[in-house]
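> quick one: sequence and predicted model below, then my questions.
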Amino acid sequence: MLRELVGECGSTWLKVRAYLYTVLYLLFGLTFTMKLVESMEGSAEVAYRELARSRPDLAGELETLAADEVKHEAELVEGIEEGRVRYLSSIALGVSDALVELTGVYTGSLGAFASTVSAGIAGLLAGVAASVSMAVAAYAQAKHERGRNPALSAAYTGAAYSAVTVLLALPYFTLGSMVAAYVAMLAVA
């Protein structure tokens, strides 16, 4: 699918960047990814203004181009209507609550379980139950707010919580040592 969107790419580094941007888009949405790309590329506005200083005979035209570039970038980012941005508070709630609760569960599992798989399953079970609970709470809260869809708020909160649950559980299913899995889980968190 990516090849259909961006075409063939000869450079390995460009392929890696294209995949990285795709992952960022899928995880964080269009607005975040576009702002990141814009900040990394360097502003065309700055390039136009630097060129205007070195070519005073073209300064007027280049200043106009620089102003247009700033205006177009702002219009493009403002024109994006994206649910992930509108429901960012729901996503943040799911992520932060999952991090707090599940790091506590895994900290307690250090002495309670002999096997990393048992600890991973315990974390997954706690995470699934808590993600449902948080989604219900987000739904109830959004019902009393204007301009928010309760179902979407619940979906974003539950999905964010579930994603963190899976990410924090992965080290327990891939590493054999409880301490190594715990340290890896903390690094992921």
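The structure has been received and is ready for your questions.

> what ranges does this protein have for its helices?
2-6, 12-28, 30-41, 44-54, 59-78, 83-86, 88-112, 116-142, 150-174, 178-188 (DSSP state H).

> got these as JSON lines, with mean neighbour count and mean pLDDT columns?
Where you see a C-beta, it was placed from the backbone N, CA and C, and this is true even at glycine. Output for the helices of the chain, formatted as JSON lines (neighbours: other C-beta atoms under 10 Å; pLDDT from 0 to 100):
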{"stretch": "helix 2-6", "mean neighbour count": "10", "mean pLDDT": "54"}
{"stretch": "helix 12-28", "mean neighbour count": "13", "mean pLDDT": "78"}
{"stretch": "helix 30-41", "mean neighbour count": "14", "mean pLDDT": "70"}
{"stretch": "helix 44-54", "mean neighbour count": "15", "mean pLDDT": "75"}
{"stretch": "helix 59-78", "mean neighbour count": "13", "mean pLDDT": "73"}
{"stretch": "helix 83-86", "mean neighbour count": "15", "mean pLDDT": "64"}
{"stretch": "helix 88-112", "mean neighbour count": "17", "mean pLDDT": "85"}
{"stretch": "helix 116-142", "mean neighbour count": "18", "mean pLDDT": "92"}
{"stretch": "helix 150-174", "mean neighbour count": "20", "mean pLDDT": "90"}
{"stretch": "helix 178-188", "mean neighbour count": "16", "mean pLDDT": "88"}
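
> which ones are touching Lys143?
For Lys143, the contacting residues are Pro150, by C-beta atoms under 8 Å, 6 or more residues apart in numbering.

> how about it, phi and psi?
Backbone torsions of Lys143, given as degrees, to the nearest 10, read phi -60, psi -20.

> domain assignment for this protein?
Domains of the chain are assigned by automatic domain parsing as 9-82, 87-188.

> give me the residue at the spatial middle of this protein.
Centrality entry for the chain: nearest residue to the mean C-alpha point is Phe28, 3.2 Å, by C-alpha atoms, centre = their mean.

> how far away is that residue from Val70?
Applying C-beta to C-beta, to the nearest Å, the value for Phe28 to Val70 is 24 Å.

> and Ala189, by the same measure?
As judged by C-beta to C-beta, Ala189 and Val70 stand 38 Å apart.

> test my guess that Ala159 contacts Gly94.
Yes - assessed by C-beta atoms under 8 Å, Ala159 is found in contact with Gly94 at 7.1 Å.

> read off the pLDDT value for the residue located most distally from the centre of the chain.
Residue farthest from the centre of the chain, counting by C-alpha atoms, centre = their mean, is Asp57 at 44.9 Å. Asp57 carries a pLDDT value of 82.
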